[in-house]
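Novice: sequence and predicted structure are below.
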Amino acid sequence: MSPAPTFETIPETVAAIRKALPEGLHTPSVGIVCGSGLSGLVESLRDVTLVPYDGLPGFAKSTVPGHRSSLAFGFIGEKQAVPVVAMLGRFHPYEGHSLSTVMYPIRVMAALGIKDIIITNAAGALNPEFSVGSIVVVRDHLALPGLSGFNPLIGPTFSPEVTRFLPVSGAYSPALRRLAFLAAHQLGLPSDDLVEGTYAWVSGPTYESPAEGTFLRRVGADMVGMSTVPEVLAARELGVGVLVLSLATNKVVIPEKYRSIKEEVAAELAGKKIELPVEEVVSHAEVLEIGKIKGDVMRKLVAKIIDLIPESVRDATQP
Ligand SMILES: O=P(O)(O)O[C@@H]1C[C@H](O)[C@@H](CO)O1
């Protein structure tokens, strides 16, 4: 496991980043996290400077296919040139990274000056009304590891300024969620392309068993994924406004009824012919493929949302 970076390392990391940047990019106002297969979001940026994670104090290396290991700084927007920083590649606890390592880049982006962050991810759809390729504006989360003793904020508080007891009831900014739907409308996206839902965070790296998928659906989750929630908590702890967009890359199979091997054997012995169900198996290759197909829509949506964030909001720390 990579050593856990702390509050003390932040000034060193910020100085290393600023040294690598031209002056106009020193203080980005919006952060972006690119989920699995979604690093193409960087193509919306103008005048890009890449800062590799390698060599940045406190940063690890992303080991997951579909994740690069660089920060991209640049400008986005048609109406205005908004300075942004995008993480091309995130860290997941299942890679062996500590939760402090997972949250560290968000804390660095906050120290650089971001006021809002758009976090994207690839996730499995539990809600049967969602289609593969739908983009879900996350309105709430179920942090399964958090509920079972692995809350990312357990341990010494990150800095003297942050609260010990973070409220998360309003973690997903209604103002930014509203801009997401306005942006989709302005882009002419079909209404079913952008939906709302609750994201369940699980540790991975296994995908869900049918019983786990059924459980998560029953307790109110619409999507399930292996990231994002620690980043949301790190951002909210520092007053950064959060928007999460989840791309449904696969449907999580929730069986109406388990296949009964006992009944199949009995039918076979009785000489009856029965039709076997087709088993669907999710893979990371499929996840990346959908990211490739829908990457352009996600990219345009993120750029449009940033363009719509009023300057007054970008300049004010969110409550
Ligand atoms: O980083 P994200 O959450 O976008 O990646 C998802 C979750 C796992 O890392 C991976 C599984 O296919 O994709």
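Specialist: Arrived safely, thanks for sending. Everything numeric in this text was worked out from a predicted model, so none of it was measured. Residues are numbered from 1 along each chain as shown.

Novice: rest of the way, CA atoms for contacts and neighbours
Specialist: Will do.

Novice: check which helix or strand the closest residue to Gly220 other than its chain neighbours maps to.
Specialist: Spatial nearest neighbour of Gly220, excluding adjacent residues (C-alpha to C-alpha, 6 or more residues apart in numbering): Thr198 at 7.2 Å. In the assignment (DSSP states H and E), Thr198 maps to strand 194-201.

Novice: please write out the alpha-carbon positions of the next helix-or-strand element following that strand in PDB.
Specialist: Sequence order places helix 210-218 as the next helix or strand after strand 194-201, per DSSP H and E. What follows is helix 210-218 as a C-alpha-only set of coordinates in PDB (Å, rounded to 0.1, in the frame of the first residue of the first chain):
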ATOM      1  CA  PRO A 210     -26.600 -11.500  -8.300                       C
ATOM      2  CA  ALA A 211     -27.500 -11.600  -4.600                       C
ATOM      3  CA  GLU A 212     -25.500  -8.400  -4.000                       C
ATOM      4  CA  GLY A 213     -27.000  -6.700  -7.000                       C
ATOM      5  CA  THR A 214     -30.500  -7.600  -5.700                       C
ATOM      6  CA  PHE A 215     -29.600  -6.300  -2.200                       C
ATOM      7  CA  LEU A 216     -28.300  -3.000  -3.500                       C
ATOM      8  CA  ARG A 217     -31.400  -2.400  -5.600                       C
ATOM      9  CA  ARG A 218     -33.700  -3.200  -2.700                       C
END
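
Novice: chain center to helix 210-218, what's the gap?
Specialist: Put simply, helix 210-218 sits 21 Å off its chain's centre (C-alpha atoms, centre = their mean, to the nearest Å).

Novice: mind giving me the packing neighbours of it?
Specialist: Under the contact criterion of 3 or more C-alpha pairs under 8 Å, 6 or more residues apart in numbering; DSSP states H and E, helix 210-218 touches no helix or strand at all.

Novice: ok, and for that helix, which residues are buried?
Specialist: 213-214, 216-217 (16 or more other C-alpha atoms under 10 Å).

Novice: distance to Arg236 added to the residues you listed, as a markdown table?
Specialist: Shown next, in a markdown table, are the buried residues of helix 210-218 (distance: C-alpha to C-alpha, whole Å):
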| residue | distance to Arg236 |
| --- | --- |
| Gly213 | 28 |
| Thr214 | 30 |
| Leu216 | 25 |
| Arg217 | 26 |
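
Novice: any chance you could map the helices in the chain?
Specialist: Listed in chain order, the helices of the chain (DSSP state H) span 10-19, 99-112, 144-145, 174-187, 210-218, 229-237, 261-269, 284-308, 311-314.

Novice: who touches the first one?
Specialist: Helix 10-19 is contacted by residues 26, 51, 56-58, 107-108, 111-112 when judged by C-alpha atoms under 8 Å, 6 or more residues apart in numbering.

Novice: picking up where we left off before, which parts of the strand holding Thr198 are buried?
Specialist: Those would be 194-201, for strand 194-201 by 16+ other C-alpha under 10 Å.

Novice: ok and the residue in the stretch 101-250 of the chain nearest the ligand?
Specialist: Per C-alpha to the nearest ligand atom, Asn121 is where the stretch 101-250 of the chain lies closest to the ligand, at 3.4 Å.

Novice: pLDDT score for the closest residue to that residue other than its chain neighbours?
Specialist: Closest residue to Asn121 apart from its sequence neighbours, by C-alpha to C-alpha, 6+ apart: Gly35 at 3.9 Å. According to the prediction, Gly35 has pLDDT 90.
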